[in-house]
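# The sequence and its predicted three-dimensional model are supplied below.
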Amino acid sequence: MIFERRAYTMEPGHVPAFDQAQIDRGFYLVKSYMDRLVGYFSTLTGTTDQIVHLYRYDSLDDWNTRLRGLYGVPELTPYFVNTRKIVRRQVNGFYELLPVEALNPLWAGGNDWLPDNGQRLATLSGDVVVEERSFQLRPGGIPMFVEACNETGIAALRQMEDRAIGAFMSMVGPLHNVTLWWWYENAAERDARQAALAEDRDWRLFIQSITPLLTDQSSLLLTPRPIPEMSPLFD
């Protein structure tokens, strides 16, 4: 099981046009990769006019078959031609699950969330906030990060377990990178939960233990796109 994270930076103000292009194209012709879609999200912080896609594939071969196979569908040519006019930059990366089951409720412990069988997390609304917390580690730091998770991180993050989407480590792109994905009903809930986490003794111990491993950490806030087919995590 692998995950692909794609980030498309649009021409200024063209995120709604990207949404409309998906609707105009329809979703049947791209069912091969929509069946593996976790969600499309637009940025609230960081790079503006950006759409982040997250997919779950069985393997790189599965990714290659499902995604690249679309380039041979002639009916999709107008869609590719038109959307490329509004996209300034495309970047992708591949990830696997961080080996800490408690931080991966959707895919670890025998679970395998997919759009056609996965439980929805909440009602899709413009208030939902998704956070990507990224930890860039020194080379070789992931085993020690996992050890710190098992010692204090899991205990600290129990208050976040009903908001966890997943914990991932990079395969391609920036190496030695760990990202935690959480969701919130709204920005106020995000602020309250993060404030409580900052005061938690186990969280402070966890941060203290991983500080020697860190070269950078960051937080990116996103919101699901307001189209059900593009946001299958939400009802």
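Looks like it came in fine. Numbering: from 1, shown residues only.
# From now on I want contacts and neighbour counts done on CA atoms only, so please keep to that.
Fine.
# Show the pLDDT at Arg163.
Looking at Arg163, its pLDDT reads 92.
# For it, give me its contacts.
If a contact means Cα atoms under 8 Å, 6 or more residues apart in numbering, then Arg163 has 182-184 as its contacts.
# try 10 Å this time
Taking Cα atoms under 10 Å, 6 or more residues apart in numbering, we find Arg163 in contact with 105, 121, 130, 157, 181-185, 190, 193.
# Give me the buried subset of these.
Buried members of the contacts of Arg163, counted by 16 or more other Cα atoms under 10 Å: 105, 121, 130, 157, 181-185, 190.
# which residues does the closest residue to Leu29 other than its chain neighbours contact?
Closest residue in space to Leu29, ignoring its immediate chain neighbours: Leu76 at 7.5 Å, by Cα to Cα, 6 or more residues apart in numbering. For Leu76, the contact set (Cα under 10 Å, 6+ apart) comprises 25, 29-30, 70.
# so of those residues, which ones are in helices?
Arg25 (DSSP state H).
# ok, and the helix or strand in the protein with the lowest average confidence?
helix 154-156 (a mean of 86; mean pLDDT, DSSP states H and E).
# Farthest from the middle of this structure: give me that residue.
Pro74 (29.9 Å; Cα atoms, centre = their mean).
# mind checking how far Thr223 is from Thr45?
10 Å (Cα to Cα, to the nearest Å).
# Compare neighbour counts for those two and give me the winner.
More neighbours surround Thr223 than the other of Thr223 and Thr45, with 25 against 13 (other Cα atoms under 10 Å).
# and the host helix or strand of that one, what other elements does it pack with?
If you go by DSSP states H and E, Thr223 is part of strand 214-224. Counting contacts by 3 or more Cα pairs under 10 Å, 6 or more residues apart in numbering; DSSP states H and E, strand 214-224 packs against strand 37-43, strand 50-57, strand 129-137, strand 177-184.
# try it again with 7 Å
strand 37-43, strand 129-137 (3 or more Cα pairs under 7 Å, 6 or more residues apart in numbering; DSSP states H and E).
# so which of the ones you listed gets nearest Ala198?
The closest of the helices and strands packed on strand 214-224 to Ala198 is strand 129-137. By Cα to Cα, the value is 13.8 Å.
# how distant is that closest one from the center of its chain?
Strand 129-137 has its C-alpha centroid displaced from the chain centroid by 9 Å (Cα atoms, centre = their mean, to the nearest Å).
# Apart from its neighbours in sequence, what residue is nearest the most centrally placed residue in the chain?
When the chain is reduced to its mean C-alpha position, the nearest residue by Cα atoms, centre = their mean turns out to be Leu54, at 4.9 Å. Nearest residue to Leu54, sequence neighbours excluded (Cα to Cα, 6+ apart): Arg5, at 4.7 Å.
# List the contacts of that neighbour.
52-55, 92-94 (Cα atoms under 7 Å, 6 or more residues apart in numbering).
# rerun at 6 Å
Taking Cα atoms under 6 Å, 6 or more residues apart in numbering, we find Arg5 in contact with 53-54, 92-93.
# what's downstream of the top helix by length along the chain, the next helix or strand?
In the chain, taking DSSP H as the definition, the longest helix is helix 187-199. For helix 187-199, the succeeding helix or strand toward the C-terminus, using DSSP H and E, is helix 201-210.
# That following helix - what's its average pLDDT?
92.
# Are there helices or strands packed against that helix, and which ones?
Counting contacts by 3 or more Cα pairs under 6 Å, 6 or more residues apart in numbering; DSSP states H and E, helix 201-210 packs against no other helix or strand.
# what sits up against it?
With Cα under 6 Å, 6+ apart, helix 201-210 has contacts from 152-153, 156.
# redo that, cut-off 7 Å
Contacts for helix 201-210 (Cα under 7 Å, 6+ apart): 145, 148, 152-153, 155-156, 197-198.
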